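# give me the fold of what follows.
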Amino acid sequence: MTDIPNILLYNTGDKGGSSEVTVYTTNVEEIINKKLVNVVPGQSSANWSLGPKDTKIVDLLRVEERFSVNGYIDESDKTKFKAFITKGGTVTMEWESETFEINIDKLTVTKNNKAEDTDRDVMFTAIVGVDI
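Have a look, this model is predicted:
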């Protein structure tokens with residue numbers, strides 16, 4: 001079994017500060033979406049015997065990078081973790097020796113019988129980008 005590097009989250013410019021949270025990761029998906037537009041030309045009834053025309057693909061080079069993360073945090077970090085989504089704007093995420101500016105768009109914090117008393121299971125999705 002491979003160890004997945006943990007994720008470090010903090011408010012931008014506050015590394016090592018009071019906002020820092022470590023997510024002990026169990027699963028990390030890095031998702032890259034590219035916007036493609038497909039154009040399917042019509043075929044006139046006079047040319048039906050030729051079959052359908054080839055689909056034309058337009059690559060707009062609009063790439064979205066997204067993360068889906070499962071893991072757990074210390075229960076004492078729950079309020080700080082929730083603040084990343086409720087305060088608005090981006091936060092800094094460090095993972096696999098890379099630094100990303102992300103905006104968390106979905107967050108689930110779970111308390112269950114499987115977790116240690118001092119842990120909370122978390123799942124979040126985030127988009128990589130900058131604030132405007």
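
# from here on, just use CA atoms for contacts and neighbour counts.
Noted.

# who is residue 30 paired with across the strands?
residue 67 (DSSP bridges).

# surely it touches residue 66?
Yes. Assessed by CA atoms under 8 Å, residue 30 is found in contact with residue 66 at 6.0 Å.

# and residue 85, that's in a helix?
Yes. The assignment for residue 85 by DSSP: H, G, I helix; E, B strand; the rest coil puts it in a helix.

# out of everything not next to it in sequence, what's closest to it?
residue 104 (5.8 Å; CA to CA, 6 or more residues apart in numbering).

# ok so, going back, compare residue 30 and residue 66 and say which is more crowded by neighbours.
More neighbours surround residue 66 than the other of residue 30 and residue 66, with 19 against 11 (other CA atoms under 10 Å).

# do I have it right that that one meets residue 129?
No. Residue 66 is beyond contact range of residue 129, at 9.3 Å (criterion: CA under 8 Å).

# strands of this structure, start to end?
For the chain, applying DSSP state E gives strands covering 7-10, 21-39, 56-74, 91-95, 98-110, 119-128.

# turn those strands into CSV, including distance to residue 80 and mean pLDDT.
Formatted as CSV, these follow (distance: least, CA to CA, whole Å; pLDDT from 0 to 100):
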stretch, distance to residue 80, mean pLDDT
strand 7-10, 9, 96
strand 21-39, 7, 95
strand 56-74, 10, 95
strand 91-95, 12, 96
strand 98-110, 12, 94
strand 119-128, 13, 95
